[in-house]
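In: Quick check, what structure comes out for this input:
(one chain, ligands or ions: 2)
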Amino acid sequence: MTQKQKKTRLRAKQDQRALHLDTVKSLQKLQKSAVKLYVLSSQLTRLIDAIPDSVLLKDREGRKLITNKLTQRLFKLHDLDWYGKTDIAPTSAPQEMRINHELYQMALESDLHFALARRELKLYYQILVDSDRQMLGAEALLRWEHPRYGLITPEHFIPIAEQSGLILPIGAWALKSACEQLKLWQSDPLRKELSLSINISPCQFSRPEFVGQLRQILKKTGIDALQLKLELTESLMLHDIANTIENMERLKLLGIQFSMDNFGTGYSSLSHLKQLPIDVLKIDQFLMRDMANDSCDAMIVKTIIDMTQKLGIKLVAGGVETEQQFACLKQLGCSTYQGYLFGKPMPVDQFEQLLDNRLGSTAPRDQVR
Ligand code: G
Ligand code: MN
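Out: Ligands and ions are numbered 1, 2, ... in the order given. Okay, the predicted model is just below:
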């Protein structure tokens, strides 16, 4: 090959490399803006989901509309159509949104590896009250305070954590932190009556080392385990019922209580409820939505309440957002409530502020036992 040919080939290679770099850069830019777009749209979804149904009106086709004038103007300004809550869920989005969703998931997965070390995962606390709105305890809820994407709720990152195995260190951290928090409350005469619930992922609970791990945490923190509740979902309990019952029984010997979370979304039957050593049943928020207007939903809730009373299980109604729902549940005989009506999940300092404000006027009562 002549010198000239060599030079031409070298230049062509350099051009090719530059072109390749350009392409990679453009793709990275595209990916970033696609992720941003997806984040914005899912934040909007979350925002709209957070609006109680009571302030949404239905249009002639039965779609829910936002009535707030400011929001209306904002939508018009950005040339957006009216959205009902379900219309903008990412799952019903077109192909482009699906790709953005996948990119977002990838970005989240790579960031999740560092989230614990960077102290971006937090426990938020949401109040539980009785029929007189007296405070009974709290549920600890995981939140990811992402530096770029804002506050991320567990339904967006727990599935990723479960797939990647990160759920084990994250779950262990959440359990340990919740117990440490409970210890602090138990050492404070004004807060010592509070009970604390924590969600346990199926992957976490079914690990052979889980019972030993929890026993260690109890020993180290020295908490009174009677005030600790583990929330498990129906599907976990039914997946490997014999093993689940065995582990639950071992933990119950230590004083720990169990709550069946999201009841009404799975396939539990009365015989399962009799079999499982559960202390509390939490009715899922989806049953709350139309309960005050729909006699059928109200009847289902009433049946669940009657059933738990017969079985000697406590009942918590989750997702209570309106006075109407609260009044309806009270009338049906419910005893414990959780939902935005009483308080949203909040960081521990805000939660303690809420406790202080409430304790200023009233003293805590018996817990959900
Ligand atoms: O399934 P579990 O009980 O763990 O669900 C708690 C989740 O439900 C939390 O992420 C919390 O933010 C959300 N939540 C709590 N109360 C309400 C409510 O009143 N309305 C709605 N839409 N969500 C709620
Ligand atoms: Mn829960």
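
In: and the residue of the stretch 251-369 of the chain nearest ligand 2?
Out: Residue nearest to ligand 2 within the stretch 251-369 of the chain (Cβ to the ion): Asp261, separated by 4.3 Å. (Each C-beta comes from the backbone N, C-alpha and C, glycine too.)

In: Who are the contact partners of that residue?
Out: By Cβ atoms under 8 Å, 6 or more residues apart in numbering, the residues touching Asp261 are Asn199, Glu231, Leu232, Thr233, Glu234, Lys282, Asp284.

In: And Ile198, by the same measure?
Out: Contact analysis of Ile198 by Cβ under 8 Å, 6+ apart lists Glu139, Ala140, Ala174, Leu175, Ala178, Leu228, Lys229, Leu230, Glu231.

In: can I assume Met260 sits in a strand?
Out: Yes: looking at Met260 with DSSP: H, G, I helix; E, B strand; the rest coil, it is inside a strand.

In: Mind pulling up the pLDDT for it?
Out: Note on Met260: pLDDT of 92.

In: likewise Asp87?
Out: 43.

In: Also Gly137?
Out: At Gly137, the pLDDT value in this model is 96.

In: What of Ile305?
Out: On the pLDDT scale, Ile305 is placed at 92.

In: Repeat that for Met299.
Out: According to the prediction, Met299 has pLDDT 88.

In: buried set for the helix or strand hosting it?
Out: Assigned by DSSP states H and E, Met299 belongs to helix 295-311. By neighbour count on 16 or more other Cβ atoms under 10 Å, the buried set for helix 295-311 is Asp297, Ala298, Val301, Lys302, Ile304, Ile305, Thr308.

In: Show the contacting residues for the residue in the stretch 251-369 of the chain that ligand 1 sits nearest to.
Out: Distances between the stretch 251-369 of the chain and ligand 1 by Cβ to the nearest ligand atom are smallest at Gly339, namely 3.2 Å. If a contact means Cβ under 8 Å, 6+ apart, then Gly339 has Gln285, Met288, Ala317, Gly318, Gly319, Val320, Glu321, Gln325 as its contacts.

In: Output these as a markdown table; include the columns pLDDT and distance to Leu37.
Out: Formatted as a markdown table, these follow (pLDDT from 0 to 100; distance: Cβ to Cβ, whole Å):
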| residue | pLDDT | distance to Leu37 |
| --- | --- | --- |
| Gln285 | 87 | 29 |
| Met288 | 83 | 32 |
| Ala317 | 96 | 37 |
| Gly318 | 94 | 32 |
| Gly319 | 93 | 29 |
| Val320 | 95 | 34 |
| Glu321 | 94 | 29 |
| Gln325 | 93 | 35 |
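
In: Please name the nearest non-neighbouring residue to Glu139.
Out: Ser197 (4.4 Å; Cβ to Cβ, 6 or more residues apart in numbering).

In: Doesn't that neighbour lie inside a strand?
Out: Yes: using three-state DSSP, the assignment for Ser197 is a strand.

In: I figured it hits Ala140, correct?
Out: Yes: the pair Ser197 / Ala140 is scored as a contact, 6.9 Å apart, by Cβ atoms under 8 Å.

In: so how far is stretch 341-360 from its chain's centroid?
Out: On the basis of Cα atoms, centre = their mean, to the nearest Å, stretch 341-360 is displaced by 18 Å from the centre of the chain it belongs to.

In: coming back round to it: kindly reformat the buried residues of helix 295-311 as JSON lines containing distance to ligand 2.
Out: Below are the buried residues of helix 295-311 laid out as JSON lines (distance: Cβ to the ion, whole Å):
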{"residue": "Asp297", "distance to ligand 2": "21"}
{"residue": "Ala298", "distance to ligand 2": "23"}
{"residue": "Val301", "distance to ligand 2": "18"}
{"residue": "Lys302", "distance to ligand 2": "22"}
{"residue": "Ile304", "distance to ligand 2": "16"}
{"residue": "Ile305", "distance to ligand 2": "19"}
{"residue": "Thr308", "distance to ligand 2": "17"}
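
In: related to what we said a few turns ago, on the C-terminal side of the helix holding Met299, identify the next helix or strand.
Out: Heading C-terminal from helix 295-311 (DSSP H and E), you reach strand 314-317.

In: Just the CA trace of the very next helix or strand once past that following strand, in PDB.
Out: As assigned by DSSP H and E, the chain's next helix or strand after strand 314-317 is helix 323-332. What follows is helix 323-332 as a C-alpha-only set of coordinates in PDB (Å, rounded to 0.1, in the frame of the first residue of the first chain):
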ATOM      1  CA  GLU A 323     -65.000  12.500  55.300                       C
ATOM      2  CA  GLN A 324     -67.700  10.600  53.400                       C
ATOM      3  CA  GLN A 325     -65.600   7.500  53.300                       C
ATOM      4  CA  PHE A 326     -64.600   7.800  57.000                       C
ATOM      5  CA  ALA A 327     -68.300   8.300  58.000                       C
ATOM      6  CA  CYS A 328     -69.300   5.300  55.900                       C
ATOM      7  CA  LEU A 329     -66.600   3.000  57.400                       C
ATOM      8  CA  LYS A 330     -67.400   4.100  60.900                       C
ATOM      9  CA  GLN A 331     -71.000   3.200  60.300                       C
ATOM     10  CA  LEU A 332     -70.000  -0.200  59.000                       C
END
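
In: So what touches helix 323-332?
Out: Residues outside helix 323-332 that contact it (Cβ under 8 Å, 6+ apart) are 54, 131, 288, 291-292, 298, 301-302, 305, 317, 320, 337, 339, 341.

In: Among these, list the two that are farthest apart in space.
Out: Farthest pair in those (Cβ to Cβ) is Ser54 and Ile305. Separation: 22.5 Å.

In: Can you spell out the domain ranges of the chain, please?
Out: 3-105, 123-361 (automatic domain parsing).

In: deepest of these, which one?
Out: Among the domains of the chain, the stretch with the highest mean neighbour count (mean count of other Cβ atoms under 10 Å) is domain 123-361, at a mean of 18.
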